[in-house]
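Participant: Provide a 3D model corresponding to the input given below.
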Amino acid sequence: MMSRILIFGVLLATCSIAFASDPSPLQDFCVADANSPVFVNGVVCKDAKLVKADDFLFRGLHVMGNTSNDVGSNVTAVTVAELAGLNTLGISSARIDFAPGGINPPHTHPRATEVLTVIEGSLLVGFVTSNPDNRLFTKMLEKGDVFVFPQGLVHFQKNVGYGHALAIAGLSSQNPGVITIANAVFGSNLDIAEDILAKAFQVDIKVVRQIQSKF
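Facilitator: Sure, this is the predicted structure:
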């Protein structure tokens, strides 16, 4: 009997890990209450009686983002932080604008798979698999093309056209998170020790200092 209980416990734990994701809604909606002092894994629900149609609305995704920056791109995110009605629904969206030659630098979404649709322009995109293979899957995308980036894998986009490019992303979490690799490694707070980075990237410490100074 005890062995059966142990086996059941192991199976239950395995299933819990295998199906871990954003929690499924247990009611019609759970509009985020940004003013609640209660801290939970997610966002506390607003009283359903106080919910309005505006809680399910985000305006402005038609507006081009400012790409006048070092990487030449701009991400307009629509997560639960911007659209309270997304709470518990397990989805979010983003508009990504690219200047000519602009990139969305290598990054990951720790909590979401991303589906990218090119609206205008031409994008070179790709993602890299985990260790030890580190395989690069890359493709040239044109208007109307759709590409998927699996959850947690490092991926990127580059505008290879002559004009501005635009893409819309759908993500499988209300709060997908983003870790931009260069920012995290060279712009962390506090700094990662120079000797660790120098050894990891097989470069001189002076090179590490030069890169860190840019973040």
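Participant: tell me the pLDDT at the most centrally placed residue in the chain?
Facilitator: Per C-alpha atoms, centre = their mean, the C-alpha nearest to the average position across the chain is that of His109, at 3.3 Å. The model reports His109 with a pLDDT of 98.
Participant: and the end-to-end length of stretch 187-202?
Facilitator: The straight-line separation of the ends of stretch 187-202 (C-alpha to C-alpha, to the nearest Å) is 18 Å.
Participant: Now do the buried residues in it.
Facilitator: Within stretch 187-202, the residues that count as buried by 16 or more other C-beta atoms under 10 Å are 197-198. Quick note: C-beta positions are derived from backbone N, CA and C, even for glycine.
Participant: before we move on, the earlier item: unless I'm mixing things up, the residue nearest to the centre of the chain is touching Val178, no?
Facilitator: Yes - under the criterion of C-beta atoms under 8 Å, His109 makes contact with Val178 at 5.9 Å.
Participant: What strand or helix carries Pro100?
Facilitator: Assigned by DSSP states H and E, Pro100 falls within no helix or strand.
Participant: in the protein, which spans are helices?
Facilitator: 2-18, 181-186, 194-201, 205-212 (DSSP state H).
Participant: Now the weakest link among the ones you listed, please, by mean pLDDT.
Facilitator: Mean pLDDT per stretch puts helix 2-18 lowest among these, at a mean of 40.
Participant: sorry, back to before: which one is the residue nearest to the centre of the chain nearest to, not counting chain neighbours?
Facilitator: Spatially, and ignoring its direct neighbours in sequence, His109 is nearest to Pro176 (4.2 Å; C-beta to C-beta, 6 or more residues apart in numbering).
Participant: if I look at the one you found, how far off is Gln27?
Facilitator: Pro176 is 23 Å from Gln27, where distance means C-beta to C-beta, to the nearest Å.
Participant: Name the residue in those two with the higher neighbour count.
Facilitator: Pro176 (23 against 8; other C-beta atoms under 10 Å).
Participant: which regions of this protein lie under the pLDDT threshold?
Facilitator: The model of the chain has pLDDT under 70 over residues 1-21, 23.
Participant: Give the bridge partners for Leu124, please.
Facilitator: Leu124 has the following beta-bridge partners by DSSP bridges: Met140, Lys158.
Participant: I'd guessed it sits against Gly161; true?
Facilitator: No - the pair Leu124 and Gly161 fails to qualify as a contact (C-beta under 8 Å) at a distance of 9.8 Å.
Participant: returning to what we had before: the residue nearest to the centre of the chain: what's it in contact with?
Facilitator: His109 makes contact with 149, 151-152, 171, 173, 176-179, according to C-beta atoms under 8 Å, 6 or more residues apart in numbering.
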